[in-house]
Structure formats: structure tokens, C-alpha cells
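**Q** next one to model:
(one chain, ligands or ions: 1)
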Amino acid sequence: MWPTGVPRERACVECRKTFSALVQRQRFCSGTCRARAKRRRDRPENGLRTGVIYFLQQGEDGPVKIGFSRDSNIKTRIRNLQCGNPTKLFLRGTIMGIERDEQALHRKYQAYRMQGEWFNTTAVLRELDS
Ligand SMILES: [Zn+2]
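**A** Predicted structure coming up:
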């Protein structure tokens, strides 16, 4: 627990310089560093690395998460997701693709979106079967 109002020394995520952070979520020493990190994140090629788009269902008839992982071994990802989920997760399918393909699927199923990356199953799994 971080006591309120007490600054803490931490390293800037962007320039590694030490600064005294006032709030726990503060990761950059300055607005300049925050902007620089954002520019790098937003570079178009960041969305072009091939990875795996996975369809993970919560329980036998729960919603499906359409997610993307740069690592083709998604066992760790599933384990982490399972850790925060009391219902058993089932991997229903994977396709190779880039992050933009995943985002395109999110847009495609927008009408079936429940929360975040979770979608109504019937519509999405029909797509996988075809
Ligand atoms: Zn910095």
C-alpha cells in the first residue's frame, strides 16, 4: 500500500531517469516522455506483427473473448485469464493474424459485444464454424 501524499522514487518508463512520483500510477517523469511513449505505441507497424487471434469461451455456454497475442504460444495468456475467472475457459479456435485483424473482428461483432473483448457466443462461433 502506497501512503497518500508521500512521493516515491521511481524510474521513468521512457527515459529511465529517476523521479519522485506522487501517485502510484505515474510512470513518466514528464509530459514529454509520456508523449514520446505514446507516439511509439501508435506507430502503424506496431499493429502489423503477426500473432494469434484466439476465441476463448467462458464456460460451456458463456460469452467468447476475441483476443490477440503476439506470442503464438497462448497457453500462458489463457492461464492468466483463467486465473482471474472463476468459470472454466475453453479455447474454441485460433487464427493467425495481426492485431488489426483482431480489431476488425471486434468491429464486425460490435452488435454482439457484451463487455470489452467479450462477445455473445452464438454469433461469433457460427463464424468460426463456417
Ligand atoms: Zn522520462
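**Q** please work out the average pLDDT along stretch 38-45.
**A** The pLDDT scores in stretch 38-45 average 81.
**Q** okay, buried residues for that stretch please.
**A** By neighbour count with 16 or more other Cβ atoms under 10 Å, stretch 38-45 contains no buried residues. Glycine gets a C-beta too; all of them are placed from N, C-alpha and C.
**Q** ok, now stretch 97-111?
**A** I98, E99, D101, E102, L105, H106, Y109.
**Q** what about the last one, distance to T122?
**A** Between Y109 and T122 the distance is 11 Å, computed by Cβ to Cβ, to the nearest Å.
**Q** re the thing from before, out of the buried residues of stretch 97-111, who's nearest E9?
**A** E99 (34.5 Å; Cβ to Cβ).
**Q** outline the domain layout of this protein.
**A** Per automatic domain parsing, the structural domains of the chain span 8-42, 47-129.
**Q** which outside residues touch the helix or strand bottoming out on mean pLDDT in the chain?
**A** Using mean pLDDT, DSSP states H and E, helix 121-129 stands out as the lowest-scoring helix or strand of the chain, at a mean of 75. Helix 121-129 is contacted from outside by F55, Q57, D61, G62, P63, V64, I66, R92, G93, Y109, A111, Y112, using Cβ atoms under 8 Å, 6 or more residues apart in numbering.
**Q** just the pLDDT for the nearest residue to R113 once chain neighbours are set aside.
**A** Excluding its sequence neighbours, the residue lying closest to R113 (Cβ to Cβ, 6 or more residues apart in numbering) is F119, at 5.5 Å. Looking at F119, its pLDDT stands at 93.
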